[in-house]
Each structure stands twice: as structure tokens, then as C-alpha cells.
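**Student:** kindly generate the corresponding structure for this input.
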Amino acid sequence: MNELVKSKIDLFREAMLGGIASIVRASEIYVEALDEDPNNRELFVSTFSDWIPQGAWSQFEAVGRKWMHPRLLMGGMSDRKKASIIKSLPYSLQESILSGGKFELLVFNGDIINVDINDATVDQAKQLCAKDHIRTLGEQKAWIIENSKLVEKDLTPEKASYVIYGGKCIVRRDTEFNKKELRAIIARM
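**Tutor:** Purely as a prediction, here's the structure:
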């Protein structure tokens, strides 16, 4: 990489970090106003309605209260599903994940690997992350078992609503047939 590009990258990084710091500070100011009077929300929303979508205010509050890492507000993960999973975790875990922390992941054959959630699949992130903590290996094992049961249920073929046996059509549950279907059934009998 040439020096000019490196310089531009460094300037960009500095500007982005400054922008994120400003968003955090703005979020903290918003939370201070809410703590003074919850009705201040409407004043903020109406004052900035031409800049900020109404749905963004809950995220500013989450950043200001340190419920959500500002990088998640800024789209700090390329996968929205993983970002959604991580948003439910405590701030300290969000910070650890976004800093490249590694966590033990139980794989199907019983091996344990250390994985960075940023590099994990969505299913691996779901296995690792409960609503408010990183699952222990025991919890992961239970999660794997429960999810494999759900998969088995989805793959279990549904019983036919009727069966033809001994020249008869036996209907098992509420079923409707049109003329074409009835002709096909009679032809099979």
C-alpha cells in the first residue's frame, strides 16, 4: 500500500472514530434529557424529524444507556442476523465480541473450538448466544439437542389425509376433494 493511500485510511479512521464518539455523546445527552423528563422524547423526535427517522431514537437511547455498542448502531457487523443476536447481550459482551474475543463452541462430534463470533455462522452465533449471556458448554449441548429435535419434527412426513386399502378409501381427518382428485382416487382403487 502506498503512503498516500495509507494516509487517507488513517484520516478516514480518525474521522470515523470522531463521528462515533460524537454519536455516543449525542446519545448520552438524549438519555440525560429522558431521565429529566420522559416526555422530552417527543420534543427530540419532532425537532429532528427531518434528520433522524423516528425508529432510530430507541437505538440512541440504547447506546446512551450502554445497552448497545455504538458499532452495532453503525452496522458494525456485516450480517444483520448476527448483529440482532449480539444486541441482546450485555454491553461488556458486545464489546468483547466486537473486539474479536473468542468463545468456546461445542461442535456436533463433541470437539470444542474457539470461535470469533464475527467469523461464525448465524447458527453458530445462535448456539453461542443466549438472550443475556454466552452459553456454557452444557447449555450449548442442550441447545444442540433441542434444535435437532425441532429439525426432526420438520423432516417428519405428515400423515396422508387418506389411504387406499383393500379397495376402500379411508379418510383420516377433515379432507376435501375436488372432482379430479376423486377420479384419481377411484382410478387407484
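**Student:** give me the mean pLDDT for stretch 109-119.
**Tutor:** Averaging pLDDT along stretch 109-119 gives 90.
**Student:** how about it: buried residues?
**Tutor:** Under the neighbour-count criterion of 16 or more other Cβ atoms under 10 Å, stretch 109-119 has V115, I117, N118 buried. (C-beta placed from N, C-alpha, C; glycine too.)
**Student:** pLDDT below threshold where in this structure?
**Tutor:** For the chain, the stretches with pLDDT under 70 are 76, 149-160, 162, 165, 172-173, 189.
**Student:** which element is the residue nearest to V115 when sequence neighbours are not counted on?
**Tutor:** In this structure, V115 finds its nearest non-sequential neighbour in L105, 4.5 Å apart by Cβ to Cβ, 6 or more residues apart in numbering. L105 is part of strand 102-106 when elements are defined by DSSP states H and E.
**Student:** so what touches that strand?
**Tutor:** If you take Cβ atoms under 8 Å, 6 or more residues apart in numbering as the criterion, strand 102-106 is touched by 112-117, 120, 124, 127-128, 134, 137, 140-141, 144.
**Student:** of those residues, which belong to helices?
**Tutor:** Q124, Q127, L128, L137, Q140, K141, I144 (DSSP state H).
**Student:** neighbour-wise, give me the winner out of these.
**Tutor:** L128 (24 neighbours; other Cβ atoms under 10 Å).
**Student:** you'd agree it is up against L137?
**Tutor:** No - if you go by Cβ atoms under 8 Å, L128 and L137 don't touch, sitting 10.5 Å apart.
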